[in-house]
Each structure stands twice: as structure tokens, then as C-alpha cells.
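**Student:** one predicted model, sequence on top.
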Amino acid sequence: ALGVQRMAKRRAIVRRLPAVEALGPVTVICTDKTGTLTTNEMTVQRIIASGQAFEVSGAGYAPRGGFSLSGSEAAMAEHAELQDFFRAGLLCNDAALDEGAEGWQCTGDPTECALITLAMKSGMDPAFENDTLPRADVIPFESGHRFMATLHHDHAGHAVVYLKGAPEVVLALCDRQRRYGDDQPLDPAYWEDAIARMGTGGLRALALAVKSGPPGTGYLDFAAGRGGVGGGWRRCQPRARWPRRRHLVRGVRVLPLRPAPALHPVGRDHGRLRRAVRGVRPRAGGRARRPGRRGGPARLRRAHRLR
């Protein structure tokens, strides 16, 4: 058909032409970003721990990059208090990272692979750490409690629990924070402000915590200890571009569906950030309220995406 040929010249190929003809009354297009607008890779970009904010360089899963503090290069050997942070991300983890002919390949969750890469950038050896602190028990991540916890024992029998999950959940389980090498009472306002700044910059925040246990501890409960927050973002596809105004039909908005209370992560690659509407919930009639003019839905559950 002539119409299909004209669309093909504009790199738009459709299976059913009537589906395109029905786009006339459309006002909002919701698109999944993972693998479409992004490469389905996560990279840790910032660490907030011990009262300081560290920037992390490098992209993708290759353990190449470094750390900086206030614009100056930071050697992790001089920040021993961060070792628990890196070790928590490495051991409270079910993913695997392997180097192959096509580069570093992730097996498992992209966020967990990003944490493995982060630990390797700091100089840690995953095989050595897992052998030194073998896992004894685990609370798997579930959407109900929104965290994962693992129990480990060293060869002397001492127990340690590592935990990672949604920042608001992890903070609720903690009562102490490590600052400049000392354990202090938790300051929730400080962490809430730090997490908000990450969201403003388009980063997805993840909290990690650690708790030492007495020798012989053989099971896990829902308590944590001290920790920090890391922020990461998904890299955009090299050819993916946020639709410009001239590419859109008048009155049509394109929104990514994502379960994160932050700004559009793809905005970092496109030089623009869009405000997100937090806590979108369906109304009694089954329809979610319409996002604001400059907003998009955030923290969607799978059931919400179908309404």
C-alpha cells in the first residue's frame, strides 16, 4: 500500500494499517523504556555514605572507572569505611558478571550486576569475597517487603547481615548510621534530603545496610543496621531519542511507564528532565488520575499498567 511505503520511508513499519488510522484521537502514548529507550543496563553513578557524596565514573558493566570526591580523584584505600558498602552490594546479590568475547555480560538483575561492577571498580574480587563470607541464609526480594537480606559467616563463625532495597524501607529498619567512621543515631531527614537530590538528578536510589550478629546466628529477621545510599541510571539506546515537539502529533504526549519515584532517567542523555507524579493510584472506577502537564506516572505497579 502507498501509505505503508510512505511510512516505511520515515522508518515506521506497521503490521496493520487500521491500527495507525486509529491514532487520530490518541492523546497519550505510554511506552516501556527498558530495552526500547534504554539498553537494559544499570550503572552506579553516585554513592552517599559516611557523610560524603562520591561520584563514580564509567558506563556499562565493564569494571573500568574511578571515584571522585568534590571533583578530586578519591582512592578507596583511603576510605575504609566504604568497604562494607561495596561488600553489601556484592554479597547481597544473586546476579553474575562474566567477561566474554562480546564484553562483560550480566546474568540476572541489571541493578545487581551494577553493584558487582561497582565493587570491582573499588578493587574487590567477587570470588574471594564470596569465599571469605559464604552465604548462610537469605530473605529474597519481594514486592511486599521491597528488600533483600543475606546472612554470612566468616571462617571464625562471626555473623554479618547485608541488606539492600528501597530507601524508605531500609531506613525504617535502621536505627544507626556510619559517619566518618563512627556509628551515630540515624538522621532520617539527612537521608530523605539526599534521596530527594538523587531523584532530582534523574537517579534511581537504592539503600544498603549492614548489621553484625553474634556467632552462631543461623537465621534472618527483619532488622538492619548501618548503611548508605547509591544512585544509578539506565543507559539510553544509542539511537533512541526522546521525541521532539516536531515529531509528535499535536496534543499527543509520550510517557514512559516506570516503577521509580524519580525524574525520567532518559532525560540525562537528552538534556532534559521531566517532573514525575509520585504515588499514582487507580480511582475507584479503575482509572488512574491524569498526570499533570509536565508530569508522568511513577511507582506504577504491574496492575496499574493495564488500566
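**Tutor:** Perfect, I can see it now. Residues are numbered from 1 along each chain as shown.

**Student:** rest of the way, CA atoms for contacts and neighbours
**Tutor:** Fine.

**Student:** list the buried residues for stretch 197-214?
**Tutor:** 198-212 (16 or more other C-alpha atoms under 10 Å).

**Student:** narrow those residues to those in helices?
**Tutor:** 198, 199, 200 (DSSP state H).

**Student:** surely residue 219 touches residue 151?
**Tutor:** Yes: at 7.3 Å, residue 219 counts as touching residue 151 under the criterion of C-alpha atoms under 8 Å.

**Student:** would you verify that residue 85 is located in a strand?
**Tutor:** No: under DSSP: H, G, I helix; E, B strand; the rest coil, residue 85 falls outside any strand and is assigned helix.

**Student:** quick one, phi psi at residue 196?
**Tutor:** Main-chain dihedrals, residue 196, degrees, to the nearest 10: phi -60, psi -40.

**Student:** with residue 22 instead?
**Tutor:** phi -80, psi 0.

**Student:** do a quick rundown of the strands in the stretch 1-150 of the chain.
**Tutor:** 28-32, 38-49, 52-56, 67-69, 72-73, 96-100, 103-107, 135-139, 147-153 (DSSP state E, counting those that start in this stretch).

**Student:** which strands or helices does the first one pack on?
**Tutor:** If you count contacts as 3 or more C-alpha pairs under 8 Å, 6 or more residues apart in numbering; DSSP states H and E, strand 28-32 packs onto strand 253-257.

**Student:** for the record, mean pLDDT for the strand it packs on?
**Tutor:** In this model, strand 253-257 has a mean pLDDT of 53.

**Student:** hmm, back to that, closest one to residue 97 out of the ones in helices among the buried residues of stretch 197-214, please.
**Tutor:** residue 198 (26.0 Å; C-alpha to C-alpha).

**Student:** report how many residues lie close to residue 84.
**Tutor:** Look at residue 84: counted by other C-alpha atoms under 10 Å, it has 18 neighbours.

**Student:** give me the element residue 169 is part of.
**Tutor:** Here residue 169 sits within helix 167-173, counting by DSSP states H and E.

**Student:** tell me which residues of that helix are tucked away?
**Tutor:** Across helix 167-173, burial judged by 16+ other C-alpha under 10 Å covers 167, 168, 170, 171, 173.

**Student:** which residue sits closest to the first one, ignoring its sequence neighbours?
**Tutor:** It refers to residue 167. Nearest residue to residue 167, sequence neighbours excluded (C-alpha to C-alpha, 6 or more residues apart in numbering): residue 207, at 4.8 Å.

**Student:** that concludes my questions; thank you for your assistance.
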